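A.B. asks: task: produce atomic coordinates for the following.
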Amino acid sequence: MLLRVRVTLPDRPGTLGQVARTLGVSGADIVQVVVLERLGGRAVDDFTVVWPGAARVERLLAGLAAIPGVRVDGVWRAIGAPTTTGQDAELLAQVAANPADGLATLVDAVPGLLAADWAVAAVVPVDWASRSGGGGATVGYASWRAPVPPRLPEVTPLRGRSTTTPDGTHHAITPFGRAGLVLVVARERSETLSAAAFHSTEVDRLNQLVRACAVILGDRLDLVGVPPVTVNP
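C.D. replies: From the prediction side, this is the model:
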């Protein structure tokens, strides 16, 4: 299976090589490395690896923990092939080519781009500020792996951010800037794996995608969540 492994490590020569060797010795085949952050002598790296399905992840975690200064922030299952920013442009091209299904295209694609489990476009009512517990958001569109009903965190249409609910589910939340529409992306905790929270660079990437789609789709977003009009014969 394909795994995403996020580690925080000292930003000094040799440490990245130690992590890569440990992954290899543990049985992981590295297919991509993405540097999320380099700050104050520390780095945060995402490794996408092919992992033998029968192998125990505990062996991998023990090996990484033995490297001085290395901390494992999360190990979780990734969906599909490793992604690049070039795929963001391809997604926007698909949205522009078929705007009628543009929102569905975005919601279905985002979990694969961000190694997440599911996504929903939630609609926050105009009086959300006077309500409690997330403003009573409803689901406008859900990706194919979303639970029914989706377990939404507190949602407000103000700004992009990451959050974690008490059950350990991580969310990235970003508004479209119109019609109270908000995109919510989730990584869930499993019995054997624990995903990392969404990094600020991932939230920024989601913000850019959502803003671009909002420009492309325009007034179509105002119709999300609006009940269809029934005409009696």
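A.B. asks: which strands or helices does the helix or strand hosting Val44 pack on?
C.D. replies: If you go by DSSP states H and E, Val44 is part of strand 42-50. Packed against strand 42-50, as judged by 3 or more CB pairs under 8 Å, 6 or more residues apart in numbering; DSSP states H and E, are the following elements: strand 2-10, helix 15-26, strand 29-39. C-betas here are computed from N, CA, C, even on glycine.
A.B. asks: OK, contacts around the residue nearest to Ala146 when sequence neighbours are not counted?
C.D. replies: Distances taken as CB to CB, 6 or more residues apart in numbering put Trp118 closest to Ala146, at 3.9 Å, once the chain neighbours are dropped. Counting by CB atoms under 8 Å, 6 or more residues apart in numbering, Trp118 touches 111, 142-147, 150, 185-186.
A.B. asks: repeat that for 7 Å
C.D. replies: 111, 143, 145-146, 186 (CB atoms under 7 Å, 6 or more residues apart in numbering).
A.B. asks: between these, which has the most around it?
C.D. replies: Each of these was scored for neighbours by other CB atoms under 10 Å, and Ala186 scores highest at 27 neighbours.
A.B. asks: return the distance of that residue relative to Ile67.
C.D. replies: 30 Å (CB to CB, to the nearest Å).
A.B. asks: and for Ser200?
C.D. replies: For Ser200, the distance to Ile67 - CB to CB - is 25 Å.
A.B. asks: please apply the same query to Gly27.
C.D. replies: Taken as CB to CB, the span from Gly27 to Ile67 is 17 Å.
A.B. asks: pLDDT value on Arg59, please?
C.D. replies: For Arg59, the pLDDT comes out at 87.
A.B. asks: list the contacts for it?
C.D. replies: Taking CB under 7 Å, 6+ apart as the test, what Arg59 contacts is Ser26.
A.B. asks: list the buried ones in the helix or strand where it lies?
C.D. replies: Per DSSP H and E: Arg59 is located in helix 57-65. Burial within helix 57-65, assessed by neighbour count using 16 or more other CB atoms under 10 Å, is assigned to 57, 60, 63-64.
A.B. asks: from these, pick the one nearest Val34.
C.D. replies: Closest approach to Val34 among those (CB to CB): Leu64, at 16.8 Å.
A.B. asks: what about the strands in the protein?
C.D. replies: Along the chain, counting by DSSP state E, strands occupy 2-10, 29-39, 42-50, 71-77, 118-123, 138-142, 161-164, 170-175, 181-187.
A.B. asks: in CSV, list those strands along with mean pLDDT.
C.D. replies: Shown next, in CSV, are those (pLDDT from 0 to 100):
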stretch, mean pLDDT
strand 2-10, 93
strand 29-39, 91
strand 42-50, 93
strand 71-77, 93
strand 118-123, 93
strand 138-142, 90
strand 161-164, 93
strand 170-175, 94
strand 181-187, 94
